[in-house]
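Engineer: What follows is a predicted structure for the sequence shown.
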Amino acid sequence: MLKLEDVSVRFGGLVALNNVSLSVGTNEIVGLVGPNGAGKTTLFNVISGLVKPTSGRILFDTHDLGSMPVYRRARLGIGRTFQIPQPMHELTVRENLVVAQRFGAGKLDSVKIDEILEITGLDDKSERDASSELSLTELKSLEVAKALATAPSLLLLDEVLAGLESVGKRHFMTLLKSLHERFSLGILIIEHDLETIASLCHRVVVLNFGEVIADGTPENVFRDPEVIRSYTGAEHA
Amino acid sequence: MKVMLLRWAVVVLLAYFFVPWLFGANAYLMSLIVASLVIGGVALAWALLGNLGGMISFGHSAFFGVGAYVSALLAINADFPIWLAMVCGGIGALLVSVLMLPTLRLKGPYFAIAILAYAQIFRIIATEWRSLTNGVAGLSSIPSLPAVLWWESGSKISSYLIVVTLVFAFILVYRWVANSHYGLALRAMHESEDATRVVGVNSTLLKAAMLLLSACMTGMIGAFNAHYINFLEPDYAFGGVWIVIPIVAAIFGGYRTIWGPLVGAVVVYLVDQLLFKNIFPSGHQIILGIILVVMILFSPGGLLPLLTVRTRKRTC
């Protein structure tokens, strides 16, 4: 479904991504891990179109995303969340979803806003101001709900579990598994908690200094000496 | 819904029957009311771009002036019917705003300054293109507005009925946009443009649509004004007054509300002309300035939200 071929991003002299190639299949959950500054969020920005790659190709289904604008990628079915939640200010929770539903890909016609609110646990918060009346867990749920309301076929989840208490984490784990089963979504998820990645993902891609250093099943990847080195230092490898 | 219809019925009744009936005989008062509605129309168009589009413009004088000149020239030189000439005035302003589309890449004060520069360019063009605009000497004997019902062409009441209809049409357009899902997306874009783009909103197109619509509305009011005063010259048609007073009116009335700019224009202009000008014949605008500062400090939302809050509290 999603395929990146030798994608590089340079900000002046800084190489944020260096010849990154990876893929996410239909109905596949892929974890994207790596130390801080490895280029994970930059990769999400490149896929969603917020950052233009310096070189390389991004293919989504039959489309070459090239210099396709952000909104058209969303309409093709690429939904994403932000690491720091970005609710649409001045709108209620429901209005956030209305905007996402009306402008998004609109492929999952069976998904109604009330259903999304219920799935994400926001049904009793629907009339609240999205920017000022929600807790962190609720804001993260809203990020996922907005992405879902666009009726995506691929979800990019940027640290949706970060900063949450264990109850919130469990809630999200259950939510993501049920979303995957129910809508057959491809999911690319950035997460620091490796246990979560191991229990959730079919495959893991490890980035370090903008380069892919491992790609495979969680069991294999987490045993890879280079991955262990990148996380803990050479002496532990 | 019923309350809203009742409100509209009261406003329409007041505007179309009571105002002409009560003040129609007083030409001075009617001319003040028409002038306040002209400002209200520009303020509404300005607020549409400022509130929904999230762009503060210092360049609406360009649209006002271009609308005025296009309409006046078509009526004088090509014998266009006034109605058609006014529509063309709006379209002329819209086309001018197309030239300004590159400024949409700019944000905040940069957009405001860029569009101000455009406004100055059009004032200079109107001044220097003498073969078309007659330069600083301006255009005179611009055909008057058409007759309305039994009120003769160019009379205060017929002019009033035309401008009040234009302003009501603007409010309906504004309401339609604001209440649509485009309005939701526009409101959302102000502080979180990336968040709206990633859910499929073409933010550039929506902002451009607001600029074009706002320009067209301003151009039509400019065209109305040209046929109302029957005279144009560049420093008047493209003057700073069409930048400053509508902004003051919109902020005073509450530019985040649909009715605020209109209420602000009518209150600010009429109170200034009927009250402050009589008390302080020269320098009366100082009082307006002080009131505006006080309003911004104590009720940044403007007059209308202030009155709404007070009424709600009283009802509770």
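Structural biologist: Sure, I can see it. Numbers count the residues shown, from 1 in each chain, chains lettered A, B, ... in the order given.
Engineer: burial measure for residue 53, as a count.
Structural biologist: With no chain named, the answer covers chain A. Residues within reach of residue A:53, counting by other Cβ atoms under 10 Å in any protein chain shown, total 25. C-betas here are computed from N, CA, C, even on glycine.
Engineer: actually it's chain B I care about, not the one you picked
Structural biologist: Neighbour tally, residue B:53, other Cβ under 10 Å: 24.
Engineer: which residues touch the nearest residue in space to residue B:202 that is not next to it in sequence?
Structural biologist: Nearest residue to residue B:202, sequence neighbours excluded (Cβ to Cβ, 6 or more residues apart in numbering or on different chains): residue A:71, at 4.6 Å. Each residue near residue A:71 by Cβ atoms under 8 Å, 6 or more residues apart in numbering or on different chains is listed here: A:103, B:197, B:200, B:201, B:202, B:203.
Engineer: again, but for residue B:243
Structural biologist: B:58, B:59, B:60, B:61, B:116, B:119.
Engineer: Check the residues you listed against residue A:92 and report the nearest one.
Structural biologist: residue B:60 (31.7 Å; Cβ to Cβ).
Engineer: Format the contacts of residue B:243 as TSV; extra columns: distance to residue B:227.
Structural biologist: What follows is the contacts of residue B:243, written out as TSV (distance: Cβ to Cβ, whole Å):
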residue	distance to residue B:227
B:58	26
B:59	23
B:60	19
B:61	18
B:116	27
B:119	22
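Engineer: Compute the distance between the residue nearest to residue B:202 and residue A:136, please.
Structural biologist: From residue A:71 over to residue A:136 the distance is 27 Å, taken as Cβ to Cβ, to the nearest Å.
Engineer: And residue B:287, by the same measure?
Structural biologist: 49 Å.
Engineer: what about these two, which has more around it?
Structural biologist: Legend: neighbour count by other Cβ under 10 Å for residue B:287 and residue A:136, higher for residue B:287 (16 against 13).
Engineer: Return the residues of chain A in contact with chain B.
Structural biologist: Applying Cβ under 8 Å from any Cβ of the partner chain, we find that chain A lies next to chain B at A:48-50, A:69-71, A:74-75, A:79-80, A:82, A:86-91, A:95-96, A:98-100, A:102-105, A:131, A:146-147, A:149-150.
Engineer: Which of those fall within strands?
Structural biologist: A:79, A:80 (DSSP state E).
Engineer: Who are the contact partners of residue B:256?
Structural biologist: Applying Cβ under 8 Å, 6+ apart, one finds that residue B:256 lies in contact with B:51, B:301, B:302, B:305.
Engineer: Likewise for residue B:205?
Structural biologist: Contacts of residue B:205 by Cβ under 8 Å, 6+ apart: none found.
Engineer: how far does the strand or helix carrying it sit from the chain's center?
Structural biologist: Using DSSP states H and E, the element containing residue B:205 is helix B:203-229. With Cα atoms, centre = their mean, to the nearest Å as the basis, helix B:203-229 stands 8 Å off its chain's centre.
Engineer: same question, stretch B:253-273
Structural biologist: For stretch B:253-273, the distance to the chain centre is 11 Å (Cα atoms, centre = their mean).
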